[in-house]
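[1] Please work out how this folds:
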Amino acid sequence: METNNELPNAAEQEPTLARVALGSRLRAVRHQTGLSRLEVQTLSCGEFQANTLSSYERGERTITVPRLQRLATLYKVPVHQLLPPADVSGLRLDEDRGLGSDSSDPTALGRTRKVTIDLTKPMSEVGPEGEVLRRFLSMVQVQRQDFNGRMITIRAGDVLVIACNFGIPPDALVRRLHDLGLLVQSRPDIL
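    From the prediction side, this is the model:
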């Protein structure tokens, strides 16, 4: 009896850092091409079902290399453009312990737990990505129904998603936010 390779097994159902990073890149490139998931489904003659593509983008399913190549062809980009930065592959996302260790230094790669961002500072200082960051933080506020307007704390997974969208490692994102004065420090020894 032949099994369907597209059905996720139990090990695939738990997102890993590498799959989340890859999914973030897949979503970013699809958005840059201006395609919806349904349009991708239509253009691929049903090869990439909208719900399957969504699972890839959320990091809930693993995409095979041949399918990744076909998706790159569909998006008209080189395959390497769909891949996340190499420094996140193989690391496991663990919200309780951070991205690998339980250090209090959020700038160390693999150790980011969560960061608190000062919403009173202008996001335009971040550069062209400032608008993307502002929209992401607004979305988090709406989801949490948290409209205090002064600060917001984002989890390690959120830091990873933002960093992947900017094409930089999580530690570089945290350092950049710190250098721009956008981080709120609850303890002086945090950085």
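
[2] only C-alpha atoms for contact and neighbour calcs from this point on.
    Will do.

[3] which stretches of this protein form strands?
    Using DSSP state E, the strands of the chain run over residues 114-118, 151-155, 183-184.

[4] name the helices or strands packed onto the last one?
    Contact here means 3 or more Cα pairs under 8 Å, 6 or more residues apart in numbering; DSSP states H and E; on that basis strand 183-184 packs against strand 114-118.

[5] Flag every buried residue along the strand it packs on.
    For strand 114-118, a neighbour-count test (16 or more other Cα atoms under 10 Å) marks 114, 115, 117, 118 as buried.

[6] ok, now stretch 37-49?
    In stretch 37-49, counting by 16+ other Cα under 10 Å, buried: 37, 40, 41, 48, 49.

[7] pLDDT (mean, whole number) over the longest helix along the chain?
    If you go by DSSP state H, the chain has its longest helix at helix 17-33. Helix 17-33 shows an average pLDDT of 86 in the prediction.

[8] hang on, the earlier thing: with mean pLDDT as extra columns, can I get the strands of the chain in TSV?
    Formatted as TSV, the strands of the chain follow (pLDDT from 0 to 100):
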stretch	mean pLDDT
strand 114-118	87
strand 151-155	87
strand 183-184	86
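
[9] Serialize these to CSV and add fields for distance to residue 128.
    What follows is the strands of the chain, written out as CSV (distance: least, Cα to Cα, whole Å):
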stretch, distance to residue 128
strand 114-118, 18
strand 151-155, 20
strand 183-184, 18
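
[10] Ok, which of those strands comes nearest residue 175?
    strand 183-184 (9.3 Å; Cα to Cα).

[11] In this protein, where is pLDDT below threshold?
    1-15, 85-113, 185-191 (pLDDT under 70).

[12] Let me see the contact set for the residue nearest to the spatial centre of it.
    With distances taken as Cα atoms, centre = their mean, residue 161 lies nearest the centre of the chain, 2.1 Å away. Residue 161 makes contact with 20, 21, 24, according to Cα atoms under 8 Å, 6 or more residues apart in numbering.
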